[in-house]
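Q: Model the structure of this input:
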Amino acid sequence: MGADSALERTVETILKNTEQQLITSLNDALKSSQSTIANSQTSLEQEYDKIIAEGKKEAEKLEKQIIGNADLDSRNKQLLLVEESIEKVFEKAISKLQNADRGADYSKLISTLLQESIDVIGTPEIIVQTNSKDASVVQSLLSKFPGATLSSDQIDCLGGIRVQSKDGTMKFDNTIDARLERLKPLIRKDIASKFGR
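A: I've put the predicted structure just below:
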């Protein structure tokens with residue numbers, strides 16, 4: 001029985017050594033797996049944080065874009081409303097000008113327009129055109145402007161005059177219509193600035 005007992009001890013020793021190696025190997029594998037899991041968890045958390053941060057940036061970008069578009073749309077609508085209001089004001093002003101009294105104040109205006117036109121053209125030798133409503137007012141003032149004559153051709157305008165040098169080389173439109181057109185951009189700008197645009 002001694003041989004059997006030696007064999008059993010040898011087998012037991014081999015089994016214990018194998019068991020120890022297996023336990024050590026399993027412990028090492030467990031530690032390695034735990035380390036891999038811990039490293040993966042940190043990496044996954046970092047990736048998660050990165051995805052969340054990028055999502056927030058994209059959301060902020062979209063929010064700014066939406067707000068920007070809404071703001072632009074609002075400004076455009078406001079500009080359209082201001083423009084419509086300006087046009088209504090111009091229409092009312094034109095209506096009043098068409099029916100304006102051709103009295104003393106109007107005569108002073110025509111006199112100023114005549115002098116301004118002579119200054120622009122650079123000669124008192126001018127032919128003056130006007131509409132049918134202003135013809136008598138212009139005619140009564142021409143005695144103050146030697147060299148100026150009233151044309152028999154009448155023009156279609158709200159009021160005022162259109163002049164040209166007698167040789168026809170220089171022309172100046174000083175009708176109320178033309179003056180209004182020249183002033184419209186300035187009036188629009190002034191009105192728009194009052195609305196903060």
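Q: can you tell me which helix or strand Ile155 belongs to?
A: Taking DSSP states H and E as the criterion, Ile155 maps to no regular element, lying outside all helices and strands.
Q: per the record, what domains does the protein have?
A: In the domain annotation for the chain, the residue ranges read 1-99, 102-194 (automatic domain parsing).
Q: Among those domains, show me which one is buried the most.
A: Among the domains of the chain, ranked by average contacts under mean count of other CB atoms under 10 Å, first place goes to domain 102-194 (a mean of 16). Every C-beta, even on glycine, is put in place using the N, C-alpha and C of the backbone.
Q: Now do the strands in the protein.
A: In order along the chain, the chain carries the following strands (DSSP state E): 126-129, 148-150, 160-165, 171-175.
Q: hang on, the earlier thing: now the domains of the chain as TSV including mean pLDDT?
A: Output for the domains of the chain, formatted as TSV (pLDDT from 0 to 100):
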stretch	mean pLDDT
domain 1-99	83
domain 102-194	92
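Q: Spatially, which residue comes closest to Ser151, not counting chain neighbours?
A: In space, and not counting its chain neighbours, Ser151 is closest to Gln129: 4.6 Å by CB to CB, 6 or more residues apart in numbering.
Q: Excluding chain neighbours, give the residue nearest to Pro146 in space.
A: Closest residue in space to Pro146, ignoring its immediate chain neighbours: Pro124 at 6.4 Å, by CB to CB, 6+ apart.
Q: Hmm, the one you found is touching Phe145, no?
A: Yes: at 6.3 Å, Pro124 counts as touching Phe145 under the criterion of CB atoms under 8 Å.
Q: any shared contact partners between the two?
A: The overlap between the contact sets of Pro124 and Phe145 (CB atoms under 8 Å, 6 or more residues apart in numbering) consists of Ile118.
Q: still on that earlier bit, turn the strands of the chain into a markdown table, including distance to Lys57.
A: What follows is the strands of the chain, written out as a markdown table (distance: least, CB to CB, whole Å):
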| stretch | distance to Lys57 |
| --- | --- |
| strand 126-129 | 68 |
| strand 148-150 | 74 |
| strand 160-165 | 62 |
| strand 171-175 | 59 |
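Q: Show me what stretch 108-117 is in contact with.
A: Contacts of stretch 108-117 (CB under 8 Å, 6+ apart): 126, 128, 134, 137-138, 141, 144-145, 148, 160-161, 163, 172, 174.
Q: swap in stretch 120-140?
A: For stretch 120-140, the external contacting residues (CB under 8 Å, 6+ apart) are 102, 106-107, 110, 114, 117-118, 142, 145-151, 153-167, 170-172, 174.
Q: May I have that stretch exported as PDB, CA atoms only?
A: What follows is stretch 120-140, C-alpha atoms only, in PDB (Å, rounded to 0.1, in the frame of the first residue of the first chain):
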ATOM      1  CA  VAL A 120     -29.400 125.300 -61.300                       C
ATOM      2  CA  ILE A 121     -29.600 125.900 -65.100                       C
ATOM      3  CA  GLY A 122     -27.200 128.800 -64.800                       C
ATOM      4  CA  THR A 123     -29.100 131.300 -67.000                       C
ATOM      5  CA  PRO A 124     -32.200 133.500 -66.600                       C
ATOM      6  CA  GLU A 125     -33.000 132.700 -70.200                       C
ATOM      7  CA  ILE A 126     -35.500 129.900 -69.500                       C
ATOM      8  CA  ILE A 127     -38.700 128.400 -70.800                       C
ATOM      9  CA  VAL A 128     -41.100 127.400 -68.000                       C
ATOM     10  CA  GLN A 129     -43.600 124.600 -68.200                       C
ATOM     11  CA  THR A 130     -46.300 124.000 -65.600                       C
ATOM     12  CA  ASN A 131     -49.700 122.400 -65.200                       C
ATOM     13  CA  SER A 132     -53.100 124.100 -65.900                       C
ATOM     14  CA  LYS A 133     -53.700 124.900 -62.200                       C
ATOM     15  CA  ASP A 134     -50.400 126.700 -61.800                       C
ATOM     16  CA  ALA A 135     -50.200 128.500 -65.100                       C
ATOM     17  CA  SER A 136     -51.800 131.800 -63.900                       C
ATOM     18  CA  VAL A 137     -49.600 131.800 -60.700                       C
ATOM     19  CA  VAL A 138     -46.400 131.200 -62.800                       C
ATOM     20  CA  GLN A 139     -47.500 133.900 -65.400                       C
ATOM     21  CA  SER A 140     -48.000 136.500 -62.700                       C
END
